[in-house]
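S.K.: Sharing a sequence plus its predicted fold:
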Amino acid sequence: MTRVCVSVCEKTVDALESAAVRASEWADVVELRLDCLDGLEGFERVLERVTRPVILTFRPSEQGGRRELDQQARAVFWKTAPRTEWWDVESDLTVERASSNIIVSHHDFAGVPQELTQIYERLTAMPAGVVKIAAQANDIVDCIPVFELLDRARFEGRELIAIAMGNSGLATRILGPSRGAFLTYAALEEDSATAPGQITAQKLRSVYHVDQIDRDTMICGLVGLPVMQSVSPHMHNAAFHTAGVNGIYLPLEVRDLHTFIKRMVHPRTRELDWNLRGLSVTAPHKSAVLEHLDWIDPQAKEIGAVNTIVIEDNQLIGFNTDAVGFITPLFNTLGLLNGLRVAVIGAGGAARAAVWALLKYDSHVTVFARDVEKAGALAEVFDVSYASLSSASFADYDLVINATPLGSGELIDQTAATAEQLHGARCVYDLVYNPIETRLLKEASKAGCKTVRGLEMLVAQAKNQFELWTGQTPSWNVMHDAAAAALGQ
Ligand code: NAP
């Protein structure tokens, strides 16, 4: 059984009431974090408005709470606390109540402690119906002991909530219930998480379909750092859902790639029994991952980067879907691609895949970069021309491609080229997809050029990944719309 507990933490009773009522819409259980209140007076009225079972929590600051509380103040609070389905009481305190209503909890914000199993044994010996252990994951492998603990509790018939906190621990929040966790915590809003790594209940349910995950669910994920803002989980999970495939796609925040592959991924060495079948790989691991693979598709080898791993027959097989993802939207816009004169702006990983793909069509490529030496280094690999980006003119090109972050993030107001520079070019392709309509695309329209959006490439490379993992063709529209919605457009 999957329980999603939405944790609400507000400064005033009015705000708590409002949040708790909204939480009831998404939650199976609502946690009222009373330590967040400036004053406790009148909080009991909130209980009358909550339509879900309630956990009461009054957490001291040293255990991650929002209030300085000594043991005596906490003991006094619990003596007169109203009865709710559960009380979450930290393990240093004993309270008088039927044990089945007590969640005895332990928090560690520094990391997953060596003595995790001893803590579990100490807590399971206490008079409590549910044990909760939450510890900070400093890298993704910290999820392993947490999943092991869940396996043990299931075997022993104990109710356990075990969470690896932080972005690297997200897998424990999403997969926990399918591995026997008593519940998983979620936030009400993006900015109202009550613990590190908590995502919203809306995301848990409508992006990750947490209540449909079971032990047979095929697991895929995105390996990188950072990965939390990626739209790939939106695309792939929507595709799994619509295709009726029992699959889930998770962000996997990985610092140490070697240890992750060894301990969690490779079927011959991994310590975790999970149905991991496919991975997307993003920065900074796209090149470093090559040495960990059993077989690499020749195209990926030539490009020098792998963005997709298929796990099959105890092997890790690497592919690069960026190149085909890059070409597909160009075909759709320009038709024949042979012999194009192309300006590629940027000399990083995306530029490399683009140049590789364009040369398959006998394009005449010039690499432009702000650092002309870097442009030269990439041009040398593929035996193409190069030039400095400063004061370049693109009038003589059929196609101009932006493979830099100009136009996104902090550089949102910038453009790789102005309408003046683009005048005379036939088509402009911006690989940036957030925002979907970049300043470069607007400049290109002003200059009368056709345009291709980075979102089209993003969807095309993801569609190809989905096919490699499942053997099925996903709906392009479903993936596109999920990505566009995640990007807020
Ligand atoms: P990367 O390997 O870090 O390369 C970035 C390139 O942009 C480098 O040549 C860098 O030059 C240059 N650059 C960075 N800031 C610049 C600036 N202010 N002015 C001029 N040049 C600048 O990154 P990447 O993986 O190639 O990605 C590049 C862009 O493509 C990103 O925006 C990424 O989101 C996008 N992309 C989109 C897709 C898709 O599916 N649509 C796929 C892959 C990438 P220096 O070396 O001098 O810093």
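M.R.: Cool, got the structure.
S.K.: C-alpha from now on. contacts and neighbour counts both.
M.R.: Will do.
S.K.: residues making contact with stretch 262-275?
M.R.: Applying C-alpha atoms under 8 Å, 6 or more residues apart in numbering, the set of residues contacting stretch 262-275 from outside is 141, 144, 147-148, 215-219, 261, 276, 311, 314-316.
S.K.: Make sure I have this right: residue 185 is in a strand.
M.R.: Yes. Note on residue 185: a strand contains this position according to DSSP: H, G, I helix; E, B strand; the rest coil.
S.K.: and the contacts of stretch 262-275, which are buried?
M.R.: The neighbour-count criterion (16 or more other C-alpha atoms under 10 Å) marks 141, 144, 147-148, 217-219, 261, 276, 311, 315-316 among the contacts of stretch 262-275 as buried.
S.K.: Among these, which are located in helices?
M.R.: Restricting the buried ones among the contacts of stretch 262-275 to those inside helices, with DSSP state H as the criterion, leaves 144, 147-148.
S.K.: In JSON lines, list those along with pLDDT and distance to the ligand.
M.R.: Below are those laid out as JSON lines (pLDDT from 0 to 100; distance: C-alpha to the nearest ligand atom, whole Å):
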{"residue": "144", "pLDDT": "98", "distance to the ligand": "30"}
{"residue": "147", "pLDDT": "98", "distance to the ligand": "33"}
{"residue": "148", "pLDDT": "98", "distance to the ligand": "36"}
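S.K.: Do a quick rundown of the helices in the stretch 251-400 of the chain.
M.R.: Assigned by DSSP state H, counting those that start in this stretch, the helices in the stretch 251-400 of the chain fall at 257-260, 298-303, 322-334, 349-359, 372-382.
S.K.: wait, which of those is closest to residue 181?
M.R.: helix 257-260 (23.1 Å; C-alpha to C-alpha).
S.K.: Can you tell me how far the closest residue to the ligand within the stretch 151-300 of the chain is from residue 171?
M.R.: Distances from the stretch 151-300 of the chain to the ligand, computed as C-alpha to the nearest ligand atom, single out residue 283 as the nearest residue at 6.9 Å. Spatial separation of residue 283 from residue 171 under the definition C-alpha to C-alpha, to the nearest Å is 19 Å.
S.K.: And the contacts of stretch 389-409?
M.R.: When contacts are taken as C-alpha under 8 Å, 6+ apart, the neighbours of stretch 389-409 outside the stretch itself are 340-348, 350-351, 368-372, 411-416, 421-435, 438-440.
S.K.: Please identify the buried residues of it?
M.R.: Under the neighbour-count criterion of 16+ other C-alpha under 10 Å, stretch 389-409 has 389, 393-394, 397-408 buried.
S.K.: excluding its backbone neighbours, what's nearest the residue nearest to the spatial centre of the chain?
M.R.: Among the residues of the chain, the one closest to the centroid is residue 251, at 3.0 Å (C-alpha atoms, centre = their mean). Here the nearest residue to residue 251 in space, its sequence neighbours aside, is residue 222; by C-alpha to C-alpha, 6 or more residues apart in numbering that works out to 4.9 Å.
S.K.: Look up phi and psi at that neighbour.
M.R.: Backbone torsions for residue 222, taken as degrees, to the nearest 10, come to phi -110, psi 120.
S.K.: Contact partners for it?
M.R.: In this structure, residue 222 makes contact with 232-233, 249-253, 279-282, judged by C-alpha under 8 Å, 6+ apart.
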